[in-house]
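# Model the structure of this input:
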Amino acid sequence: MSLLPNQIAVVTGAGRGIGHAIALKFANAGADVVCVSRTAENAEKAAAEIRGLGRKAWAYSVDVSNTTQVEQACEQILGDTGRVDILVNNAGVTRDGLLMRMSESDWDTVLDTNLKGAFLFTRGFVRSFVKQRSGRIINVASVIGLIGNAGQSNYAASKAALIGFTKSVARELGSRGITVNALAPGFIETDMTAVLNDQIRQDLLKKIPLNGFGQPDDVAQAALFLASSGARYITGHVLTVDGGMTM
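Residues are numbered from 1 along each chain as shown. Predicted structure coming up:
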């Protein structure tokens, strides 16, 4: 049985990693998907895969931190699709470094992409959600936003703020039948974790009760649940997908 029959979902950062897995998972569950990526090549590649599954897909190249680009994209998406049922704010970057050596540019880039991007896309669709009195908003945060991490003060700040944003918007929109939840992935096998050396990986594994890194599909499964009708009575929640690391 399809969990998202004929739903229309927008997924930012859909070109790779967790966002790509979510976009494909939603398509397999019956949704048509708007694939947003910084590059046109990645957006179109993801959209082509979804079309190959027999679903409709649209590709948009957007810098999620750019207000003008996001506003134009949201308007065009609504024009092209007619409506949006699900928004997944997943686009994110890292610029790691110790605080004493972190540049203002590295701070701004991470906060503007990870936090401001979610704000801009949510604001871009919120009137549509309110008008139809339904919608699912899923923000992809991180366990780093819950526990912090040395060398990632900018990333931790952006993800902790995204959790606060999630809870606040959930309170604003709950009476309109719109749910707003956050996912907090742990260490997932993506491009972001591929750069970790063997010693760091071994040290991290000691902190994970399930003794392994997660896969993008693990996060996609959680996103699918939060987007489905089965999660209709869940809002303002932070669902960790971390192998038990933060329990």
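# Kindly state the pLDDT recorded for the residue lying farthest from the centre of the chain?
Residue farthest from the centre of the chain, counting by Cα atoms, centre = their mean, is M100 at 29.3 Å. With respect to pLDDT, M100 scores 97.
# That one should be in a helix, yeah?
Yes - secondary structure assignment (DSSP: H, G, I helix; E, B strand; the rest coil) places M100 inside a helix.
# Distance from the chain centre to the worst-scoring helix or strand of the chain on mean pLDDT, please.
For the chain, the helix or strand with the lowest mean confidence is helix 191-194, at a mean of 71 (criterion: mean pLDDT, DSSP states H and E). Centroid separation between helix 191-194 and its chain, computed with Cα atoms, centre = their mean, to the nearest Å, is 16 Å.
# those helices in this structure, which residues are they?
Residue ranges of the helices in the chain, as given by DSSP state H, are 17-28, 40-52, 67-81, 104-111, 117-132, 144-147, 153-173, 191-194, 198-205, 216-227.
# what is the rounded mean pLDDT of the last one?
Looking back up the chat, that one is helix 216-227. Mean pLDDT, helix 216-227: 98.
# Could you point out the longest strand of this protein?
strand 178-185 (DSSP state E).
# ok and that strand relative to helix 17-28, angle-wise?
Relative orientation of strand 178-185 and helix 17-28, computed by axes from the mean of the first three to the mean of the last three Cα atoms, to 10 degrees: 130 degrees.
# Now do strand 178-185 against helix 216-227, angle only.
Here strand 178-185 runs at an angle of 160 degrees relative to helix 216-227 (the same axes, to 10 degrees).
# and strand 178-185, C-alpha only, in PDB?
What follows is the C-alpha trace of strand 178-185 in PDB, where atoms were taken according to Å, rounded to 0.1, in the frame of the first residue of the first chain:
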ATOM      1  CA  ILE A 178      -0.100  21.200   9.700                       C
ATOM      2  CA  THR A 179       2.600  19.100  11.400                       C
ATOM      3  CA  VAL A 180       6.200  20.300  11.800                       C
ATOM      4  CA  ASN A 181       8.800  17.800  13.000                       C
ATOM      5  CA  ALA A 182      12.500  17.400  13.000                       C
ATOM      6  CA  LEU A 183      14.800  14.500  12.300                       C
ATOM      7  CA  ALA A 184      18.100  14.300  14.100                       C
ATOM      8  CA  PRO A 185      20.400  11.900  12.300                       C
END
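# Walk me through which strands it pairs with, and which way each runs.
Listed by DSSP bridges, the sheet partners of strand 178-185 and their directions read strand 135-140 (parallel), strand 238-241 (parallel).
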